[in-house]
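A.B. asks: Predicted structure and sequence below. I'll ask about it afterward.
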Protein chains: 2
Amino acid sequence: MEQQPTTQLRMTGNRQVVLEVLRSTKSHPTAQDVFMSARDLQPQIGFATVYRTLDWLVQHGLAQEVYRDKDGAAHYDANVARHDHAICNRCGKILDVEAPLHALAYAIIERASGFRIDWHATEFSGLCAACADE
Amino acid sequence: MEQQPTTQLRMTGNRQVVLEVLRSTKSHPTAQDVFMSARDLQPQIGFATVYRTLDWLVQHGLAQEVYRDKDGAAHYDANVARHDHAICNRCGKILDVEAPLHALAYAIIERASGFRIDWHATEFSGLCAACADE
DNA sequence: CTCCTTGCAAATGCTTTGCATTTAT
DNA sequence: ATAAATGCAAAGCATTTGCAAGGAG
């Protein structure tokens, strides 16, 4: 008999809180950001748990790591669909955008390099609307 | 009288060595990689100097930081032209590619978001030819 | 001579890990 | 009951910084 895959998904209180924090924002928080928000709902939570939980969420397809900033801090997103980001050089804000990179591009690059592509992410940089206005 | 900008460019021995190391490879080395190669040519060089020099090269348009890996380590490239990368999920190799993202895309995204784009980089992931063959 | 660069070591910041305890199923 | 999750503190890396000494112009 096969083991039910759902048996593997232990959705504990901490995990619910972390996922809830991640789903309640579009700001692409770092692990530290998530930790601080999670602590408001779950005061005894430790930061190691947040790191482990974020890894777990990524491993189980409930979140993705979308960006690493200049400090090397990873930024997370509960939106697991493939999409791209525009990062403001002044304020650091991360906007979701969709780069119109045609699927044909995969074939072109694969033929030229032999690389088998299964994912891509485009990162735009410049100034967000608010910073460009100043 | 204006100060000549060339006066600012002190190309010291260390800087020449670091730039030479960077220009002699297409492997997109980390700062630690550059440090180890540089030490072969310049035994007394310290790693802090390599970090400072890489920053300096980037600041002066002689190199760019192209990628941050899972460990948060920055990878550098002496090729300062805009180009994209394909990173193998198995061996970690970084290939140069050119994503055919049309300039029109900038206008579309700028109109939709108000973001003023001045750069972009696309990161592909999957398997390189060697790893895909196994 | 003066400012910039360098080497060393210590400090920093993000993240991971060991271990004993608690918790979900 | 049993295997996994948690909290805490300590350890790990990549990177940065303070400072005194060395080097370029």
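C.D. replies: Received it, and whenever you're ready, just let me know what you need. Numbers count the residues shown, from 1 in each chain, chains lettered A, B, ... in the order given.
A.B. asks: where does chain A dip in pLDDT?
C.D. replies: A:1-8 (pLDDT under 70).
A.B. asks: A:Gly61 belongs to a helix?
C.D. replies: No. When the secondary structure is assigned by DSSP: H, G, I helix; E, B strand; the rest coil, A:Gly61 falls in coil instead of a helix.
A.B. asks: Near the nearest residue to A:Lys93 once chain neighbours are set aside, how many other residues are there?
C.D. replies: Distances taken as Cβ to Cβ, 6 or more residues apart in numbering or on different chains put A:Cys128 closest to A:Lys93, at 5.2 Å, once the chain neighbours are dropped. Where you see a C-beta, it was placed from the backbone N, CA and C, and this is true even at glycine. By the measure other Cβ atoms under 10 Å in any protein chain shown, the count of residues near A:Cys128 is 21.
A.B. asks: May I have the residues that are in contact with A:Cys128?
C.D. replies: Taking Cβ atoms under 8 Å, 6 or more residues apart in numbering or on different chains as the criterion, A:Cys128 is in contact with A:Ala86, A:Cys88, A:Arg90, A:Cys91, A:Lys93, A:Leu95, B:Ser113, B:Gly114, B:Phe115.
A.B. asks: With A:Glu134 as the reference, measure out to it.
C.D. replies: Relative to A:Glu134, A:Cys128 is positioned 11 Å away (criterion: Cβ to Cβ, to the nearest Å).
A.B. asks: do A:Lys26 as well
C.D. replies: A:Lys26 sits 22 Å away from A:Glu134 when distances are taken as Cβ to Cβ.
A.B. asks: before we move on, what about A:Phe35?
C.D. replies: Distance from A:Phe35 to A:Glu134, counting by Cβ to Cβ: 31 Å.
A.B. asks: between A:Lys26 and A:Glu134, which one's more packed in?
C.D. replies: Under the neighbour definition other Cβ under 10 Å, A:Lys26 and A:Glu134 were set side by side, and A:Lys26 has more, 12 against 6.
A.B. asks: Quick check: the more buried one touching A:Asp96?
C.D. replies: Yes. Between A:Lys26 and A:Asp96 there is a contact under Cβ atoms under 8 Å: 7.0 Å.
A.B. asks: A:Gly126 sits in which helix or strand?
C.D. replies: strand A:116-127 (DSSP states H and E).
A.B. asks: is any part of the helix or strand hosting A:Tyr51 close to DNA strand D?
C.D. replies: Following DSSP H and E, the helix or strand that holds A:Tyr51 is helix A:47-59. Yes. Among the residues of helix A:47-59, A:Ala48, A:Thr49, A:Arg52, A:Thr53, A:Trp56 lie within reach of DNA strand D under Cβ under 7 Å from any atom of the strand.
A.B. asks: Would you mark the buried spots in stretch A:21-36?
C.D. replies: Neighbour counts using 16 or more other Cβ atoms under 10 Å in any protein chain shown place A:Val21, A:Leu22, A:His28, A:Pro29, A:Thr30, A:Ala31, A:Asp33, A:Val34, A:Phe35 of stretch A:21-36 among the buried residues.
A.B. asks: dump the residue contacts of the last one.
C.D. replies: Contacts here follow Cβ under 8 Å, 6+ apart; on that basis A:Phe35 touches A:Ile45, A:Phe47, A:Val50.
A.B. asks: sec struct for A:Lys70, please.
C.D. replies: Secondary structure of A:Lys70, reduced to three states by three-state DSSP: coil.
A.B. asks: Give me the angle between the helix or strand hosting A:Glu65 and strand A:116-127.
C.D. replies: When elements are defined using DSSP H and E, A:Glu65 is found to belong to strand A:64-68. Taking axes from the mean of the first three to the mean of the last three Cα atoms, to 10 degrees, one finds strand A:64-68 and strand A:116-127 inclined to each other by 50 degrees.
A.B. asks: hmm, the strand or helix carrying A:Ala38 in reach of DNA strand D?
C.D. replies: A:Ala38 belongs to helix A:31-41 when assigned by DSSP H and E. No. Using Cβ under 7 Å from any atom of the strand as the criterion, no contacts between helix A:31-41 and DNA strand D are found, and the smallest distance is 8.9 Å.
A.B. asks: what's around A:Tyr76, how many residues?
C.D. replies: Here the number of neighbours of A:Tyr76 (other Cβ under 10 Å) works out to 23.
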